[in-house]
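**Student:** with the input below, show me the fold.
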Amino acid sequence: MAAPAPLAPLRNPWPWAAAGIVLGLVLAVLLFLPASWLAARVAGATEGRVQLADAQGSLWNGSATLLLTGGTGSNDSLALPTPVEWRIRPRWNGAAIELATACCTREPVALRVHAGWRRVEVDVADGRSQWPAALLAGLGTPWNTLQLDGDLQLATQGLSVEWAEGRLALAGRAELVAQRMASRLSTLRPMGSYRMTVSGGATPNLQLETLDGALQLSGTGQWVGSRLHFNGVATAAPGREEALANLLNIIGRRNGARSIISIG
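**Tutor:** Now for the predicted structure:
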């Protein structure tokens, strides 16, 4: 019986060893990225309008104070009353994310992010959350003038948002109910409650309606590409014209008793 042939010597093992070292270093860096790294990315992507202040922990498990600002050069800023906590788990084509904050979410908000060539898709799990309207004042004009107060209740159903080559595609539905809204521009407290509904489809659309109150709001809009085109009308209930005059002058272009709201 012939003796087995000797194994050929491994040719130059150093490139493979170097590749293993580099891969190990990359994984180590990713595993131990601090939460401040994520905070910097969020601030950069939103031009400073959304900030994660005093970020603690890591990229994968962390917490921070959510801060809304008017952007570069603005002195306006407001923080959510309780810290936001996040948990990120990588997937082969994106990540699974959970967000929670004691003031506003009974259950964590669950997101699935899918990344592809020049496209990003975000799937939002069905759920409900409640947010303070006063936080919007941190975004600067016109919110800092309106100084809204009230509760914003957000509900999502089958919601999926995709950005691909500068275009927005939306599926599912999101409903925002603004309850017991008030403003420093009016003595009426509250002025009313309102519902804004966003529905997906070939052309995503938005509808605004009044549920109750002295300030009557209505309007419709559509997203064309990534731009929102919205047209609406604001009026005062009979006998409330004087109490709402300042607000109607600010939120749109006056046309007699009506205020015309136009975006895009």
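**Student:** show me the shaky parts of the stretch 1-150 of the chain.
**Tutor:** In the predicted model of the stretch 1-150 of the chain, residues 1-32 satisfy pLDDT under 70.
**Student:** how about the helices in it?
**Tutor:** For the stretch 1-150 of the chain, helices defined by DSSP state H, counting those that start in this stretch occupy the ranges 14-31, 35-45, 143-146.
**Student:** and the residue found closest to Glu241 once you drop the neighbours it is linked to in the chain, how many neighbours?
**Tutor:** Spatial nearest neighbour of Glu241, chain neighbours left out: Ala257 (6.8 Å); criterion: Cβ to Cβ, 6 or more residues apart in numbering. To be clear about C-beta, it is placed using only N, CA and C from the backbone, and glycine gets the same treatment. Neighbours of Ala257 under the rule other Cβ atoms under 10 Å: 12.
**Student:** so Ala257 makes contact with Ala237?
**Tutor:** No: judged on Cβ atoms under 8 Å, Ala257 makes no contact with Ala237 at a distance of 10.9 Å.
**Student:** ok, what's across the strand from Gln130?
**Tutor:** For Gln130, the beta-bridge partners are Gln153 (DSSP bridges).
**Student:** Ile251 touches Ile261, doesn't it?
**Tutor:** Yes: Ile251 is in contact with Ile261 according to Cβ under 8 Å; the separation is 6.3 Å.
**Student:** give me the sheet partners of whichever strand or helix holds Ser218 and which way each runs.
**Tutor:** Ser218 is part of strand 215-224, with elements assigned from DSSP states H and E. Using DSSP bridges, strand 215-224 pairs in its sheet with strand 205-213 (antiparallel), strand 227-236 (antiparallel).
**Student:** quick check: the residue nearest to Glu241 vs Pro190, distance?
**Tutor:** Plainly put, Ala257 is 21 Å away from Pro190 if you go by Cβ to Cβ, to the nearest Å.
**Student:** report how many residues lie close to the closest residue to Gly70 other than its chain neighbours.
**Tutor:** Nearest residue to Gly70, sequence neighbours excluded (Cβ to Cβ, 6+ apart): Gly140, at 2.6 Å. Here the count is done by other Cβ under 10 Å, and Gly140 has 19 residues near it.
**Student:** contact partners for Gly140?
**Tutor:** Gly140 makes contacts with Thr69, Gly70, Gly71, Ser74, Asp76, as judged by Cβ atoms under 8 Å, 6 or more residues apart in numbering.
**Student:** could you do Pro34 as well?
**Tutor:** Ala55, Gly57, Ser58, Leu59.
**Student:** ok, and the most crowded of these?
**Tutor:** Counting by other Cβ under 10 Å, top hit in the contacts of Pro34: Ala55 with 23 neighbours.
**Student:** can you list the buried residues in stretch 213-231?
**Tutor:** Using 16 or more other Cβ atoms under 10 Å as the test for burial, stretch 213-231 gives Gly213, Ala214, Leu215, Gln216, Leu217, Gly219, Gly221, Trp223, Leu228, Phe230.
**Student:** pick out the most distant pair among those residues.
**Tutor:** Spatially, the most separated pair among the buried residues of stretch 213-231 is Ala214 and Trp223, at 30.6 Å (Cβ to Cβ).
**Student:** so Asn205 bridges to which residues?
**Tutor:** According to DSSP bridges, beta-bridge pairing links Asn205 with Ser199, Gln222.
**Student:** with the one 10 residues further on instead?
**Tutor:** Note on Leu215: beta-bridge partners Ala236, judged by DSSP bridges.
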